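[1] Below: sequence and its predicted model.
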Amino acid sequence: MREQQDIVVIGGGQAGLAMSRVLQRQGREHVVLERGRVGERWRTERWDSLRFQFPNWTVQLPDYTYQGPDPEGFARYREILRFLEDYAGHAAAPVREHTEVRGLTALAGDEGFELSLADASIHARNVVLATGPFQLPRIPDLAHQVPRSVMQLDPTRYRSPETLPEAYAGFLAAARDFIQRSGEDEPTEADPGEPEPLPGVQEVESLNLVDEGITTIIWATGYTYDYGWVRIPVFDARGRPAQQHGVTAVPGLYFLALHWMHTFKSGLLSGVGDDAEFLVDRMSRGRQE
Ligand SMILES: Cc1cc2nc3c(=O)[nH]c(=O)nc-3n(C[C@H](O)[C@H](O)[C@H](O)COP(=O)(O)OP(=O)(O)OC[C@H]3O[C@@H](n4cnc5c(N)ncnc54)[C@H](O)[C@@H]3O)c2cc1C
């Protein structure tokens, strides 16, 4: 028999956990489906030296705040992961790990949604997509032209300089050499003022990677969405969710933790709780209407 749920939250990162907590407060039955483990992207897609960009006192989710000894410090990414694991335990979030949603379709006649899993399906009245503001690295097409001898990485797979081929040092040397040949000295210290245009520095139109001794490229060229498995027409021409404050034109379908849903903080750890409260409120009102 097909499983029935009132609310399914897809994604067990900070957004899915925050949503779960707020739903629990309202006594709303739900389940959180996570394809990996809680906080999967903080677990497997961050690099060793990454620190949280805001002070520890901002590390907070609904009903839970940073409790460590250094509120003015900046956490390493593993500490953020630990915070999320602790939060999931504290909130007793009903997370099903290792449960990937492979397909999402809307049933006819506002009957809710069908979620296809590897070996089962779930029927849900409401679905919240909390699968992240940064889903897939955006790699430019020219990556296909890069010789096979050059290692290509993106921020989800880069870990530390030590894990790169020895020629990483060669890359740094080549970059330094390029700056010098362009007629500029290497910067010796950070310039706090407005950056001046560099006279004599030309935009690079072509670069022979092999000749320059470059063996590694880390594409730090942004992220894009990965909603190929959502078979519901709620996306604009560029594949971005069509939503207002997370509410879509399809009754019962919501997005959480995208950029600027309400404010700059919508896609950040400290802001997602407020947006989750808004969605739960909308969901409750939708039920009464
Ligand atoms: C490099 C980097 C650094 C960042 N630094 C900061 C920072 O310092 N401060 C800050 O506030 N924010 C930061 N952010 C922004 C934001 O906090 C993170 O992107 C955060 O991970 C978003 O949490 P989330 O729960 O919305 O999404 P995610 O963490 O992306 O979680 C989404 C979850 O959904 C799961 N999932 C995806 N698809 C499916 C599916 N089909 N079925 C089941 N599960 C699925 C994923 O496995 C994942 O666990 C950073 C982001 C990046 C990329």
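    Here it is on my side, so go on. Numbering: from 1, shown residues only.

[2] which residues sit in contact with residue 236?
    residue 242 (C-beta atoms under 8 Å, 6 or more residues apart in numbering). The C-beta positions use only the backbone N, C-alpha and C, and glycine is treated the same way.

[3] And the strands in the stretch 151-289 of the chain?
    Along the stretch 151-289 of the chain, counting by DSSP state E, counting those that start in this stretch, strands occupy 151-153, 216-218, 223-224, 253-255.

[4] quick one, which of those strands is nearest to the ligand?
    Checking the strands of the stretch 151-289 of the chain against the ligand by C-beta to the nearest ligand atom gives strand 223-224 as the closest, at 6.4 Å.

[5] related to what we said a few turns ago, just so I know, which of the strands of the stretch 151-289 of the chain lies nearest residue 23?
    strand 253-255 (11.6 Å; C-beta to C-beta).

[6] Any part of that closest one near the ligand?
    No. Judged by C-beta under 6 Å from any ligand atom, strand 253-255 and the ligand are separated, with a smallest distance of 10.1 Å.

[7] any idea which helix or strand carries the nearest residue to residue 42 once chain neighbours are set aside?
    Spatial nearest neighbour of residue 42, excluding adjacent residues (C-beta to C-beta, 6 or more residues apart in numbering): residue 81 at 4.3 Å. Assigned by DSSP states H and E, residue 81 falls within helix 77-90.

[8] and the residue nearest to residue 42, what does it touch?
    39, 42-43 are the contacts of residue 81 under C-beta under 8 Å, 6+ apart.

[9] Among the residues you listed, which ones are in helices?
    Applying DSSP state H to these, the entries found in helices are 42-43.

[10] In TSV, list the strands of the stretch 151-289 of the chain along with mean pLDDT.
    As requested, these are arranged in TSV below (pLDDT from 0 to 100):
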stretch	mean pLDDT
strand 151-153	95
strand 216-218	93
strand 223-224	96
strand 253-255	98
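
[11] ok, and which of the ones you listed has the densest surroundings?
    strand 253-255 (a mean of 25; mean count of other C-beta atoms under 10 Å).

[12] Can you name every helix or strand that that strand contacts?
    Contact partners of strand 253-255 among helices and strands, from 3 or more C-beta pairs under 8 Å, 6 or more residues apart in numbering; DSSP states H and E: strand 121-129, helix 272-288.

[13] if we go to 6 Å?
    The contact analysis (3 or more C-beta pairs under 6 Å, 6 or more residues apart in numbering; DSSP states H and E) places strand 253-255 against strand 121-129.

[14] ok, the helix or strand just after the strand it packs on: who's next to it in the sheet?
    Sequence order places strand 136-137 as the next helix or strand after strand 121-129, per DSSP H and E. Sheet pairing for strand 136-137, assigned by DSSP bridges, gives strand 223-224 (antiparallel).

[15] Tell me which residues are up against the partner strand.
    Contacts with strand 223-224, where a contact means C-beta atoms under 6 Å, 6 or more residues apart in numbering, come from 134, 136-138.

[16] now those residues in a markdown table, with pLDDT?
    Output for these, formatted as a markdown table (pLDDT from 0 to 100):
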| residue | pLDDT |
| --- | --- |
| 134 | 96 |
| 136 | 97 |
| 137 | 97 |
| 138 | 97 |
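
[17] nearest to residue 279, of the strands of the stretch 151-289 of the chain?
    Nearest of the strands of the stretch 151-289 of the chain (C-beta to C-beta): strand 253-255, 5.3 Å.

[18] Neighbours of the residue in the stretch 51-200 of the chain that the ligand sits nearest to, how many?
    In the stretch 51-200 of the chain, the residue that lies nearest the ligand is residue 132 (2.3 Å; C-beta to the nearest ligand atom). Using other C-beta atoms under 10 Å, residue 132 has 22 neighbouring residues.

[19] And residue 75, by the same measure?
    Residues lying near residue 75 (other C-beta under 10 Å) number 21.

[20] Could you number the chain from 22 rather than 1 from now on?
    From this message on, residue numbering opens at 22, which makes the last subject residue 96.

[21] Run a quick neighbour tally on the closest residue to it other than its chain neighbours.
    Using C-beta to C-beta, 6+ apart and skipping the chain neighbours, the partner closest in space to residue 96 is residue 73 (4.4 Å). Residue 73: 20 surrounding residues under other C-beta under 10 Å.

[22] now residue 175
    Neighbour count for residue 175, taken as other C-beta under 10 Å: 19.

[23] Could you double-check that it lies in contact with residue 241?
    No. Using C-beta atoms under 6 Å, residue 175 makes no contact with residue 241, being 7.7 Å away.
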